[in-house]
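Colleague: Kindly generate the corresponding structure for this input.
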Amino acid sequence: MKRIGQYSAFADAAIFEAVRTPWVDLGGALSQVSPIDLGIKVGREVLARAGIDSLAVDSVLAGSMAQASFDAYLLPRHIGLYSGVAQSVPALGVQRICATGFELLRQAAEQLRDEAQLVLCVASESMSRNPIAAYTHRDGFRLGGAVQFKDFLWEALYDPAPALDMIATADNLARRHGLSREAVDRYARDSHQRALQAQRDGAWVDEIVTVDNQVFELEGYRPRGISLARRADAVTEDSHPRSTTLAALARLRAVHPDGVQTAGNSCAVVDGAAAALVGRASACTRPALARLLASAVVGVAPEFMGIGPVPAIRLLLQRSGLSLDDIGRFEINEAQAAQVLAVFQELELDSGRLNVQGGSLGLGHPLAATGVRLVMTLARQLRAHNLRYGIAAACVGGGQGMALLIENPAYRA
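Modeller: Predicted coordinates:
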């Protein structure tokens, strides 16, 4: 029998606490901050918010996609050390592109099966600091030879296997599912409006920590710190939510001539970091934010990579014994509007349970950090509305999908 994907169930895993920085637009106040320092900020904050001594942490897992600083190799280790974790505690870098945040939580839950009691998970992304890079000049430049420097942020969106960029894969889904430009723009308009309304309602106040100019000290070592750009003193909220109209979205030119995806109905490019403390539910001394029940990850055709959440969610439900009707909320990453609509259509989801506070179209998508944000947002929705189960999912460049099943520990039937 052919195996489809990987499924993991967790008997005693919980997210004790989770926080994030504001998501700030490309070139904004966070644009000159190393992802390591953004990660240290949320690492320290999540420990303080949980009221847990940093010396109680047994393992550090951290993720970031682009090498956005010269010391990028040291990102997991330095986040752990400057967050106050004991020097003897190891740190590991994790990468699954847009599902990196989910993968951090999955691996943390797996570590709890062994000796770990508490795992610090940090995901940090500086899209602004993605480099202009060259890979062919190590041996020097020949006289008259061409020097090839490219924008890593743009080129990383291209998958050479199907010879398509991520936008084109969403356009493929639009054609396969009969999605018109108007339908895609309408979804984008609604998502932008939901995000703006959620911000006005204070929906993210509990998960966002203020980022200001500060220094991180570590005894015996050089200090690190955050210096905000654009003469900012502090950043307190997401910068991208804004009002838009169908008419405004319709005026934008499609990225590809025969496609439906534009800058207005694709995810915003932002900087940000998120952190979560994962420990044994049986050892939690106060109500946990959520219980981690299971994860599923699958592969799909790269040219239709955006459909990845569909088989991941189906596998998650099949193996957990739940149905779509059992799930109170879905948070599915909005890489592109056509991609989310294709998933929505394929699963026959109820729009009243999907991304009810908007998503990455209105907020932005700092690659590694988005998965942690989806889960913490989902967990707080379940608690606010006394819902039991929630699923967070995302598509992954190269053709994968990943989904996490969480439970509200405060649920009352």
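
Colleague: got a list of contacts for the helix ranked longest in the chain?
Modeller: What stands out as the longest helix in the chain, according to DSSP state H, is helix 181-200. Applying Cβ atoms under 8 Å, 6 or more residues apart in numbering, the contact partners of helix 181-200 are 174, 204, 237-238, 240-246, 249-250, 254, 260-262, 264-265, 334, 337-338, 340-341, 355-359, 361-363. All C-beta spots, glycine's among them, are computed from the backbone N, C-alpha and C.

Colleague: where along the stretch 101-250 of the chain do the strands fall?
Modeller: Taking DSSP state E, counting those that start in this stretch as the test, the strands found in the stretch 101-250 of the chain are 118-125, 132-133, 150-151, 158-159, 164-165, 211-212, 214-216, 224-226, 234-235.

Colleague: now the residue in the chain sticking out farthest from the centre: how far from residue 149?
Modeller: Distance from the C-alpha centroid of the chain, by Cα atoms, centre = their mean, peaks at residue 143 (44.5 Å). For residue 143, the distance to residue 149 (Cβ to Cβ, to the nearest Å) stands at 18 Å.

Colleague: pLDDT below threshold where in the protein?
Modeller: 1-2 (pLDDT under 70).

Colleague: quick one on the thing from earlier: over to the residue farthest from the centre of the chain: give its phi and psi.
Modeller: phi -60, psi 120 (degrees, to the nearest 10).

Colleague: where does the residue positioned nearest the centre of the chain fall, phi/psi-wise?
Modeller: The centroid of the chain falls nearest to residue 370 when counting by Cα atoms, centre = their mean (1.2 Å). For residue 370, the backbone dihedrals are phi -60, psi -40 (criterion: degrees, to the nearest 10).

Colleague: and the gap between it and residue 269?
Modeller: 12 Å.

Colleague: Could you do residue 51 as well?
Modeller: 35 Å.

Colleague: before we move on, what about residue 308?
Modeller: If you go by Cβ to Cβ, the gap between residue 308 and residue 269 works out to 21 Å.

Colleague: Helices of this structure, start to end?
Modeller: Under DSSP H, the chain gives helices at 35-50, 75-82, 100-111, 152-155, 166-176, 181-200, 246-250, 309-320, 337-347, 360-363, 370-384.

Colleague: Just send those helices back as a markdown table, with distance to residue 394 too.
Modeller: Compiled in a markdown table, the helices of the chain are given as follows (distance: least, Cβ to Cβ, whole Å):
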| stretch | distance to residue 394 |
| --- | --- |
| helix 35-50 | 19 |
| helix 75-82 | 21 |
| helix 100-111 | 7 |
| helix 152-155 | 19 |
| helix 166-176 | 13 |
| helix 181-200 | 15 |
| helix 246-250 | 23 |
| helix 309-320 | 6 |
| helix 337-347 | 10 |
| helix 360-363 | 9 |
| helix 370-384 | 6 |
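
Colleague: and residue 391, which of these is closest to it?
Modeller: When the helices of the chain are compared by Cβ to Cβ, helix 309-320 sits nearest residue 391, at 6.0 Å.

Colleague: tell me which residues of the closest one are tucked away?
Modeller: 309-317, 320 (16 or more other Cβ atoms under 10 Å).

Colleague: Repeat that for stretch 105-120.
Modeller: For stretch 105-120, by 16+ other Cβ under 10 Å, it's 105-109, 111-112, 116, 118-120.

Colleague: Could you identify the buried members of the contacts of helix 181-200?
Modeller: 174, 204, 238, 240-241, 244, 249, 254, 260-262, 264-265, 334, 337-338, 340-341, 355-359, 361-363.

Colleague: ok, of the buried residues of helix 309-320, which one's closest to residue 281?
Modeller: Once Cβ to Cβ is applied, the member of those that ends up nearest residue 281 is residue 320, at 16.4 Å.

Colleague: residue contacts, that closest one?
Modeller: 9, 293-294, 405.

Colleague: what about the spatially closest residue to residue 232 that is not a sequence neighbour, how many residues close to it?
Modeller: The shortest distance from residue 232 to any non-neighbouring residue, by Cβ to Cβ, 6 or more residues apart in numbering, is to residue 29 (3.9 Å). Residue 29: 21 surrounding residues under other Cβ atoms under 10 Å.

Colleague: Who are the contact partners of residue 29?
Modeller: 211, 228-230, 232, 235, 239.

Colleague: picking that back up, neighbour count: residue 51 and residue 269, which is higher?
Modeller: residue 269 (18 against 10).

Colleague: That one touches residue 365, doesn't it?
Modeller: Yes. Using Cβ atoms under 8 Å, residue 269 makes contact with residue 365 at a distance of 7.4 Å.

Colleague: Quick check: residue 305 touching residue 394?
Modeller: No. At 10.7 Å, residue 305 does not count as touching residue 394 under the criterion of Cβ under 8 Å.

Colleague: which of the two has more neighbours?
Modeller: More crowded of residue 305 and residue 394, by other Cβ under 10 Å: residue 394, with 31 against 28.

Colleague: Can you give me the distance of the more buried one to residue 359?
Modeller: 10 Å.

Colleague: what sits in contact with each of the two?
Modeller: With Cβ under 8 Å, 6+ apart as the test, residue 394 and residue 359 both reach 332-333.

Colleague: gap between residue 226 and residue 71?
Modeller: To residue 71, residue 226 is 15 Å away according to Cβ to Cβ.

Colleague: Looking at these two now, which is surrounded by more residues?
Modeller: residue 226 (20 against 12).
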